[in-house]
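In: The following block contains a protein sequence and its predicted model.
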Protein chains: 2
Amino acid sequence: MQGPAQTPQTDTAYPRTERTVPTRSAERASYDKEFVHAILDEAYVCHLGFVRDGAPVVLPTLYARVGERLYVHGSTGSRPLRAAGQADPGLPVCLTVTHVDGLVLARSAFHHSINYRSVVVHGVAYDVTDPQEKREALDALVDHVVAGRSADSRPANKKELAATAVIRLDLHEVSAKLRTGGVNDEPEDLALPHWAGVVPVRPTYGAPLPDPDLAPGTALPGYLRTL
Amino acid sequence: MQGPAQTPQTDTAYPRTERTVPTRSAERASYDKEFVHAILDEAYVCHLGFVRDGAPVVLPTLYARVGERLYVHGSTGSRPLRAAGQADPGLPVCLTVTHVDGLVLARSAFHHSINYRSVVVHGVAYDVTDPQEKREALDALVDHVVAGRSADSRPANKKELAATAVIRLDLHEVSAKLRTGGVNDEPEDLALPHWAGVVPVRPTYGAPLPDPDLAPGTALPGYLRTL
């Protein structure tokens, strides 16, 4: 079976490649950069896959996007970050981000589904060695969790920087996939007495719990009030 | 470096193996079966990793737990399910489930963190060919999303069953990892004027949106009212 031809990367879309075009439900796939960026920017935890001793490993970790680059950080002692630093030329990874938007309850068990938006990035992760790029990546990682937070915290000192590894993954081979909308039951099932519809799902934030040792007079910052 | 000895599986804990004992923050790891089951049962979307042409692939997908087995389903045409059916003896996978419980905002950028609970399962996925096991797995997949739902929907017919592949992954090599609690700032940072604390995060369900073609008189079932 011939895969789709690799099309050149444009200003607005990622190229379709053999591994970013799904074998099924291809109509649910998107390569639009703005759409991909929006999904990536709405989350801060990804699932990072790599191969270790021939077997797959998938770990949850924080990430941040800066333009067409993703950054992941961790202890210099952690396995994937060590591997990215040692591997030449870099560590092959797959980085996946998923938002669950709704439970789709059909009359038939078969047509039950999930409304979701996901992004899958294939590529090679490289150890970030440039000090300036590393600092900017670490700021982005903090700001990805709470926008505006990096300017309102003590920056990493030399010892902390040395203990932290950052890897970079460029957005080249990227696809988004989504399901939206309602129930797709078979016409002959519509009269069945089972409730059908969509239950929306979204993450919500509770009231911030201040640290008991907060310096006197420290107010809740505005960027947390609007979360 | 010598890995930890493989200890026999007990009634209450999974054995520690070289790849389930983390290289760092080992105090955050748990092998307790009840704890692992609770994390698995609270979610329904996992990230499934496998190796394709030597490179890692990570895809979000529904899963369900039945005792010490996990099940994942999909189209018989989807890549990992096809691979599990063709591979002998099965498809090596890593299945990861993550709950984000809170954003940990420290005074120092370095000590920012996430409160989370995750489970990582290493193993080999096998195609489920027994019709009875396949039916039970499909019921479990529906009930994992909404408890009680499989009994209140039309079961899959022959054609639908034939179009659906189910793979099984036994819970043998399993670990949970978690971070809980508050901020861990350096003592010398406590007087800094930055707000510090934890912002709780949890998924919430919106009001169910009924399908416009609902059969007249179909009420919202009790299992959805208590979501």
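Out: Looks like it came in fine. Numbers count the residues shown, from 1 in each chain, chains lettered A, B, ... in the order given.

In: Okay, strands next: where are they in chain A?
Out: Remark: strands assigned in chain A by DSSP state E are A:29-30, A:45-52, A:55-66, A:69-75, A:91-105, A:113-127, A:164-170, A:173-179, A:197-205, A:209-210.

In: Output the ones you listed in CSV, with mean pLDDT and mean neighbour count appended to each entry.
Out: Bear in mind the C-beta positions are built from the backbone N, C-alpha and C, glycine included. What follows is the strands of chain A, written out as CSV (pLDDT from 0 to 100; neighbours: other Cβ atoms under 10 Å in any protein chain shown):
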stretch, mean pLDDT, mean neighbour count
strand A:29-30, 93, 17
strand A:45-52, 96, 24
strand A:55-66, 96, 21
strand A:69-75, 94, 21
strand A:91-105, 97, 23
strand A:113-127, 96, 21
strand A:164-170, 96, 22
strand A:173-179, 96, 21
strand A:197-205, 96, 16
strand A:209-210, 97, 15
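
In: Could I get these in a markdown table, plus columns for distance to chain B?
Out: Listed next are the strands of chain A as a markdown table, based on distance: least, Cβ to the nearest Cβ, whole Å:
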| stretch | distance to chain B |
| --- | --- |
| strand A:29-30 | 13 |
| strand A:45-52 | 4 |
| strand A:55-66 | 4 |
| strand A:69-75 | 5 |
| strand A:91-105 | 4 |
| strand A:113-127 | 5 |
| strand A:164-170 | 7 |
| strand A:173-179 | 9 |
| strand A:197-205 | 3 |
| strand A:209-210 | 4 |
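
In: Tabulate those in JSON lines, adding columns for distance to A:R149.
Out: Formatted as JSON lines, the strands of chain A follow (distance: least, Cβ to Cβ, whole Å):
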{"stretch": "strand A:29-30", "distance to A:R149": "30"}
{"stretch": "strand A:45-52", "distance to A:R149": "16"}
{"stretch": "strand A:55-66", "distance to A:R149": "12"}
{"stretch": "strand A:69-75", "distance to A:R149": "15"}
{"stretch": "strand A:91-105", "distance to A:R149": "20"}
{"stretch": "strand A:113-127", "distance to A:R149": "23"}
{"stretch": "strand A:164-170", "distance to A:R149": "17"}
{"stretch": "strand A:173-179", "distance to A:R149": "26"}
{"stretch": "strand A:197-205", "distance to A:R149": "14"}
{"stretch": "strand A:209-210", "distance to A:R149": "15"}
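
In: Report how many residues lie close to A:G181.
Out: Using other Cβ atoms under 10 Å in any protein chain shown, A:G181 is surrounded by 11 other residues.

In: actually A:P216, not the one I wrote
Out: Residues near A:P216, counting by other Cβ under 10 Å: 6.

In: do A:A163 as well
Out: A:A163: 13 neighbours (other Cβ under 10 Å).

In: how about it, what does it touch?
Out: A:S75, A:T76 (Cβ atoms under 8 Å, 6 or more residues apart in numbering or on different chains).

In: what does the one 3 residues further on give?
Out: For A:V166, the contacting residues are A:Y71, A:V72, A:H73, A:D127, A:V128, A:E133, A:K134, A:A137, A:L138, taking Cβ under 8 Å, 6+ apart as the criterion.

In: quick revisit: so which of the strands of chain A is nearest B:A83?
Out: strand A:55-66 (11.6 Å; Cβ to Cβ).

In: Can you tell me the strand partners of the closest one and which way each runs?
Out: strand A:45-52 (antiparallel), strand A:69-75 (antiparallel) (DSSP bridges).

In: Dump those into CSV; add distance to B:L48 as well.
Out: Formatted as CSV, these follow (distance: least, Cβ to Cβ, whole Å):
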stretch, distance to B:L48
strand A:45-52, 9
strand A:69-75, 19
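
In: among those strands, which is nearest A:W195?
Out: strand A:45-52 (32.3 Å).

In: and the angle from that closest one to strand B:197-205?
Out: 90 degrees (axes from the mean of the first three to the mean of the last three Cα atoms, to 10 degrees).

In: Show residues contacting strand A:45-52.
Out: A:56-63, A:70, A:72, A:79-80, A:83, A:91-98, A:125, B:19, B:47, B:49, B:51, B:54-58, B:60, B:94, B:96, B:98, B:100, B:114, B:116.

In: same deal with stretch A:66-74?
Out: Under Cβ under 8 Å, 6+ apart, the answer for stretch A:66-74 is A:40, A:46, A:48, A:61-65, A:80-81, A:95, A:121, A:125, A:128, A:136-138, A:140-141, A:164-172.

In: Then stretch A:206-221?
Out: By Cβ under 8 Å, 6+ apart, stretch A:206-221 touches A:148, A:152, A:224, A:227, B:182-183, B:185, B:190-202.

In: Which members of the residues you listed occur in helices, if any?
Out: A:L224 (DSSP state H).

In: Report the buried members of the contacts of stretch A:206-221.
Out: Neighbour-count burial (16 or more other Cβ atoms under 10 Å in any protein chain shown) applied to the contacts of stretch A:206-221 gives A:152, A:224, B:182-183, B:185, B:192, B:194-199, B:201.

In: Among the residues you listed, which one sits closest to B:A176?
Out: Distance to B:A176 across these (Cβ to Cβ) is lowest for B:V201, with 18.4 Å.

In: What's opposite the closest one in the beta bridge?
Out: Going by DSSP bridges, B:V201 forms beta bridges with A:Y205.

In: what residue is smack in the middle of chain A?
Out: A:V97 (3.1 Å; Cα atoms, centre = their mean).

In: Contact partners for that one?
Out: Contacts of A:V97 (Cβ under 8 Å, 6+ apart): A:I39, A:L40, A:A43, A:V45, A:C46, A:H47, A:Y63, A:S118, A:V119.
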